[in-house]
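Chemist: Pasted the sequence and its predicted model underneath.
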Amino acid sequence: MSESTAGRTLCGVIVVLIPHAAGVVVEVSLDRLARELHALAEQGVSVEELTEVLCGAIGSQVAHDVLRLVHTNPAAGLWLGSLRGWHRDGPELAEELVLDRFADGDPCRPDDLARRPVPVGVVGVGGGDGPRQRRTREILAAHGVGSELRLLVRDRRGVWGFVGVARAEGARPFDQDEMARLARLGPVLAATFRTFMGAQPLAPGVPALPAGVIIVGADHTVQQISPQAKEWLEQVWLPRQRGVTERALAPFAAEISHHTRENIADPGAWKPWMCLSKTSAGRWIALQGQPLDADGSGEVAIVVQAAGGELLLTSFCHWHEITARERQVIEQLCTATPPKRIARALEMSVHTVNQHLKTIYRKTGADGRDELLAALAS
C-alpha cells in the first residue's frame with residue numbers, strides 16, 4: 001500500500017486514503033468520540049480538518065490499512081458517489097468496482113447494506129464464497145487489497161454516508177467484533193456530518209459559475225469535459241488535490257452513466273438528478289445525467305451547475321433537520337408570501353407561523369428571511 005496520506009472531495013464525497021497499521025487500535029469510548037466530534041464540527045472547521053479527525057476516530061475503533069469515507073444526505077437516496085480510490089491505482093480500482101456492481105457483482109452494495117438490520121458487511125477475504133464475493137475478491141486482490149469492511153452510515157432520518165476500511169492482501173480478515181464496533185460508530189458519524197454542514201456559511205460568497213457538461217460514452221468512460229465543468233469540479237476538490245482529470249472522474253462518471261440508462265429502462269428507478277454538498281466556495285452543486293439518444297445506448301451528458309429550487313430545498317431541509325411543517329412555511333416564504341397569508345394557506349395562526357420562522361432561523365443560522373431566501377436562491 002502507498003506510504004502517502006491523501007484526501008479529496010468531489011460533490012459531497014469525501015475520499016480519504018489514510019494508511020494505518022492494521023492490528024493497532026487505540027481504544028476511545030464512543031461517548032467521548034461523539035462529544036469531541038460534535039465540538040469540532042460545530043466550529044465550522046475545514047473539510048481537511050474534519051476528515052483528519054474522522055480518520056482518527058474510525059481508526060480508534062477498527063484497525064485498517066486504508067480508509068474511504070463518503071458523506072451524502074437522504075435526498076440522494078443510496079447514490080453515494082464513486083470518486084474513491086486505493087493507493088496508486090485509485091481510479092482504476094474504483095471504476096472496476098462500479099462496473100462490477102452494475103454487472104450484478106459486489107455482495108455489499110449500498111442497497112444490500114440498506115436491507116440489513118445492521119448495515120455492515122465484508123467483501124474479500126472473510127466475506128464468504130458466493131459468486132459475487134469471488135469476483136469482487138479477485139478485483140480487490142489485483143490491487144493489493146485483501147478485504148474491506150463496509151458500513152452504511154444511517155439513522156432514523158436516512159442515509160448520511162458510507163465508510164470502507166480495508167486491509168492489505170495477507171492481513172488478518174475483519175471479525176464480528178470489529179463489524180459491531182464500526183456499526184456502533186454509524187450514528188456518531190451521521191450526527192457529525194449534520195453538525196458540520198449546519199456550521200458552514202449559509203450563503204455562498206462568490207457568484208455561481210456557468211453550467212458545465214461532462215460527456216460519457218456508451219462504455220461509461222469520460223469522453224469530454226467542458227471548461228465550465230472543470231471549474232465546478234475544481235471547487236469541490238480539496239485545495240491540496242487540484243487537477244481534475246478524465247481518469248480521476250472515471251468511477252464517478254461511470255456510476256451516473258449507469259443510473260441514467262437504468263432510468264430510461266425503468267422510469268421508476270432512481271433518477272440521476274441530485275443536489276450534493278457545498279463546494280469550497282460555499283455553493284451547493286447539482287448534477288443531472290441526460291441521455292443523448294432515445295434509448296440510452298449512446299452518450300450521456302452530465303450537467304454540473306448551481307443547485308436551486310426544489311432540489312436544493314430537499315437537501316437543505318435534511319441537513320438542517322427541518323420538519324415537514326417548517327418546510328411548508330419555507331415554501332411559502334419562497335413565493336414572497338407574508339406571514340398572514342402563510343397562516344391562512346397553512347391553516348394555522350400567525351403566532352404559530354412566527355414560531356416556526358424563529359425555529360427555522362435558529363436551525364439554519366439565518367439572520368432572517370432575506371438571508372434564508374438568498375441561500376435557497378443561490
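Modeler: Okay, I see it.
Chemist: Next, count neighbours for E347.
Modeler: By other C-beta atoms under 10 Å, 7 other residues sit near E347. To be clear about C-beta, it is placed using only N, CA and C from the backbone, and glycine gets the same treatment.
Chemist: My guess is V353 contacts I342. True?
Modeler: Yes. Counting by C-beta atoms under 8 Å, I342 is a contact partner of V353 at 5.1 Å.
Chemist: Tell me the secondary structure at G146.
Modeler: Under DSSP: H, G, I helix; E, B strand; the rest coil, the three-state class of G146 is strand.
Chemist: Local confidence estimate at the closest residue to it other than its chain neighbours?
Modeler: Leaving aside its sequence neighbours, G146 sits nearest to E169 (C-beta to C-beta, 6 or more residues apart in numbering; 4.1 Å). On the pLDDT scale, E169 is placed at 89.
Chemist: circling back: could you tell me which residues touch both of V353 and I342?
Modeler: By C-beta atoms under 8 Å, 6 or more residues apart in numbering, V353 and I342 have these common neighbours: V329.
Chemist: follow-up on the earlier one: state the distance from the residue nearest to G146 to V123.
Modeler: 13 Å (C-beta to C-beta, to the nearest Å).
Chemist: repeat for G146
Modeler: Distance of G146 to V123, computed by C-beta to C-beta: 10 Å.
Chemist: Next, show the common contact partners of these two.
Modeler: Residues within reach of G146 and of V123 at once, by C-beta under 8 Å, 6+ apart, are L140.
Chemist: and the two? which has more neighbours close in?
Modeler: Regarding G146 and V123, a neighbour count based on other C-beta under 10 Å identifies V123 as having more, with 27 against 21.
Chemist: and the more buried one, what are its bridge partners?
Modeler: Beta-bridge partners recorded for V123 (DSSP bridges): E148.
Chemist: That one contacts P107, correct?
Modeler: Yes. Here V123 reaches P107: they are 6.3 Å apart, a contact under C-beta under 8 Å.
Chemist: check contacts around the residue nearest to G146.
Modeler: Contacts of E169 were listed using C-beta under 8 Å, 6+ apart, and they are V125, L140, A141, G144, V145, G146.
Chemist: domains of the chain?
Modeler: Per the record's domain assignment (automatic domain parsing), the chain is made up of the domains 6-198, 322-376.
Chemist: Between those, pick out the one with the smallest average pLDDT, please.
Modeler: Lowest mean pLDDT within the domains of the chain: domain 6-198, at a mean of 78.
Chemist: Need the buried ones from the contacts of E169 selected in PyMOL.
Modeler: Applied in PyMOL, the following selects the buried portion of these according to 16 or more other C-beta atoms under 10 Å:
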select buried, resi 125+140+144+145+146
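Chemist: could you dump the contacts of E169 to JSON lines with distance to V206?
Modeler: Converted to JSON lines, the contacts of E169 look like this (distance: C-beta to C-beta, whole Å):
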{"residue": "V125", "distance to V206": "47"}
{"residue": "L140", "distance to V206": "41"}
{"residue": "A141", "distance to V206": "45"}
{"residue": "G144", "distance to V206": "41"}
{"residue": "V145", "distance to V206": "39"}
{"residue": "G146", "distance to V206": "44"}
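Chemist: which among the contacts of E169 gets closest to E49?
Modeler: Proximity of those to E49 was ranked by C-beta to C-beta; the top entry is V145 with 27.6 Å.
Chemist: Tell me how far the closest residue to V165 other than its chain neighbours lies from G146.
Modeler: Once flanking residues are discounted, V165 sits nearest to H64: 3.7 Å by C-beta to C-beta, 6+ apart. Per C-beta to C-beta, H64 is found 11 Å from G146.
Chemist: Now the common contact residues for those two.
Modeler: Residues touching both H64 and G146 (C-beta under 8 Å, 6+ apart) are A166, R167.
Chemist: what's the burial count for S46?
Modeler: Applying other C-beta under 10 Å, we find 11 residues neighbouring S46.
Chemist: go on, E95?
Modeler: 22.
Chemist: Help me confirm that it is found in a helix?
Modeler: Yes. Counting by three-state DSSP, E95 is located in a helix.
Chemist: separation between it and R132?
Modeler: Separation of E95 from R132 (C-beta to C-beta): 18 Å.
Chemist: same check, this time on E331
Modeler: Using C-beta to C-beta, E331 is found at 43 Å from R132.
Chemist: So which residues of the stretch 51-200 of the chain form strands?
Modeler: With DSSP state E, counting those that start in this stretch, the ranges of strands along the stretch 51-200 of the chain come out as 66-71, 120-124, 145-155, 158-168.
Chemist: Of those, which is nearest I225?
Modeler: Short answer: strand 66-71, nearest of the strands of the stretch 51-200 of the chain by C-beta to C-beta, at 22.1 Å.
Chemist: Walk me through which strands that closest one pairs with, and which way each runs.
Modeler: Here strand 66-71 has these sheet partners by DSSP bridges: strand 158-168 (antiparallel).
Chemist: Measure how the partner strand sits relative to strand 120-124, angle-wise.
Modeler: Orientation of strand 158-168 against strand 120-124 (axes from the mean of the first three to the mean of the last three C-alpha atoms, to 10 degrees) gives an angle of 30 degrees.
Chemist: Restricting to C-alpha, output strand 158-168 in PDB.
Modeler: This file holds the C-alpha atoms of strand 158-168, laid out as PDB (Å, rounded to 0.1, in the frame of the first residue of the first chain):
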ATOM      1  CA  GLY A 158     -32.000   8.200   6.400                       C
ATOM      2  CA  VAL A 159     -28.600   7.500   4.900                       C
ATOM      3  CA  TRP A 160     -25.800  10.000   5.500                       C
ATOM      4  CA  GLY A 161     -22.700   8.300   4.100                       C
ATOM      5  CA  PHE A 162     -20.500   5.300   3.800                       C
ATOM      6  CA  VAL A 163     -17.300   4.000   5.400                       C
ATOM      7  CA  GLY A 164     -15.000   1.400   4.000                       C
ATOM      8  CA  VAL A 165     -12.000   0.200   5.900                       C
ATOM      9  CA  ALA A 166      -9.600  -2.100   4.100                       C
ATOM     10  CA  ARG A 167      -6.600  -4.300   4.900                       C
ATOM     11  CA  ALA A 168      -3.900  -5.300   2.600                       C
END
